[in-house]
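Colleague: Structure for the following, please:
(one chain, ligands or ions: 2)
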Amino acid sequence: MPEPSPCFQVPTVDIGPYLRDPLSDAAAGAVDAVRKACISSGFFRVANHGISKGLQDSMQRAAEALFALPLEEKTKLIHPTLTNRGYELIGSQVLQPDALPDLKEGFCVGQHMDLDDERVRSHPQLMGPNIFPPNLEDHVLKIPAQQYYTEMFSLACRIMEMLARGLPYGDDIFVPFMSNDPVCILRLLHYPPQTSSDKRQLGAGAHTDFGAITLLWQDSCGGLQVQDGRTGVWHAIEPDPECLVVNIGDMLSVWTNVYQSTVHRVINRGGQGRYSMAFFVDGNTDVQLAPLDGSVPATGKIMTTEEHMEHRIGKTYRKVAAQAM
Ligand SMILES: O=C(O)CCC(=O)C(=O)O
Ligand SMILES: [Fe+2]
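Modeller: Ligands and ions are numbered 1, 2, ... in the order given. Next up, the predicted model:
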């Protein structure tokens, strides 16, 4: 394997000063560090992000309890229509078209909306009710998940603000995107230890994220890798309990042409189950995906974020039966 290039960096940015006072000099330094990371690797870690260790620990315990439920109970949590709510079986997603189905199971929580809600009728693929397991008490999963969701949403708004400040389109350019019931999804993930030597088997196949940004918590197992687009070399993103990983998704790459949505994957060779939690910021469904400088998108076609999400979800999900696992 070629040596990782020293130029490829996933820096750690202390965002505490920005969260405390966005107009301070230290905050301006953090904005600049974030901007540089978005332009070079599209990945950075954030320290002093304000999400407590206690809440993260509760969520890790919640994920362990949830994924330890019998398969029969987990399959009852599969949403009849939405892929961004409830349980997802191992192998449901194929993130890398030439690889085997991903060796991961997931569970998604979003903003709860009842089925008869007008917003659900207008956006039936992205909005809807949450599903929680009836056999886990609310304090185990539902309550911490809702608190974690709320806190991650606030943090995501602040990070989107930092990203806006690193661009020439106005500090509030992403406010509409983060308004009007923006789609944000908390996805708990469990990767069983991988024993297969088949190179086509990955925990999560190589992909770029669909939305604007992803905020990721990972346990101490390791296994997340990001690819340097210039050299093709994969770099491990080592776990750091003090930090969350932030990465740029395809929406920001289309809007800005300079912030990179970088290819990454997961391979869990740690010998034990790996847990992670991704918070996907997919945003206001009506916002247009067109370069902010007014140029024509590379694809020649302007989509809404909703059309883009439905396209990417449709391409990567497949129906799998529980008994095939
Ligand atoms: O589990 C991880 O560390 C990464 C997950 C990921 O890339 C994704 O869900 O998009
Ligand atoms: Fe990803």
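Colleague: The helix or strand harbouring residue 246 packs against which elements?
Modeller: Secondary structure assigned from DSSP states H and E places residue 246 in strand 243-248. Contact partners of strand 243-248 among helices and strands, from 3 or more C-beta pairs under 8 Å, 6 or more residues apart in numbering; DSSP states H and E: strand 43-47, strand 213-218. C-beta here means a position set from N, CA and C on the backbone, and glycine is covered the same way.
Colleague: State the separation between that strand and the centre of the chain it belongs to.
Modeller: Taking C-alpha atoms, centre = their mean, to the nearest Å, one finds strand 243-248 lying 9 Å from the centre of the chain it belongs to.
Colleague: Tell me what angle it forms with strand 43-47.
Modeller: Put simply, strand 243-248 runs at 150 degrees to strand 43-47, going by axes from the mean of the first three to the mean of the last three C-alpha atoms, to 10 degrees.
Colleague: Is any residue of strand 243-248 near ligand 1?
Modeller: No: for a cut-off given as C-beta under 6 Å from any ligand atom, strand 243-248 has no contacts with ligand 1; the smallest distance is 7.5 Å.
Colleague: What pairs with that strand, parallel or antiparallel?
Modeller: Using DSSP bridges, the neighbouring strands of strand 243-248 in the sheet come out as strand 43-47 (antiparallel), strand 213-218 (antiparallel).
Colleague: average pLDDT across that strand?
Modeller: Computed over strand 243-248, the mean pLDDT rounds to 98.
Colleague: do the same with stretch 10-19
Modeller: When pLDDT is averaged along stretch 10-19, the result is 98.
Colleague: Ramachandran angles for residue 183?
Modeller: phi -80, psi 120 (degrees, to the nearest 10).
Colleague: Relative to ligand 1, how far out is it?
Modeller: 15 Å (C-beta to the nearest ligand atom, to the nearest Å).
Colleague: Quick one: low-confidence residue ranges for the chain.
Modeller: 1-6, 322-325 (pLDDT under 70).
Colleague: Residues of it that sit close to ligand 1?
Modeller: Counting by C-beta under 6 Å from any ligand atom, the residues of the chain lying close to ligand 1 are 189, 204, 209, 216, 218, 224, 264, 266, 276, 278.
Colleague: Farthest-apart pair in these, please.
Modeller: The largest distance within the residues of the chain next to ligand 1, taken as C-beta to C-beta, falls between 209 and 218 and amounts to 14.6 Å.
Colleague: tell me what the helix or strand hosting residue 160 is packed against?
Modeller: If you go by DSSP H and E, residue 160 is part of helix 142-165. Packed against helix 142-165 by the contact rule (3+ C-beta pairs under 8 Å, 6+ apart) you find helix 16-20, helix 25-40, helix 53-67, strand 105-109, strand 183-191, strand 213-218, strand 274-283.
Colleague: please redo it, this time with the cut-off set to 7 Å
Modeller: In this structure, helix 142-165 makes packing contacts with helix 25-40, helix 53-67, strand 183-191, strand 213-218, strand 274-283, judged by 3 or more C-beta pairs under 7 Å, 6 or more residues apart in numbering; DSSP states H and E.
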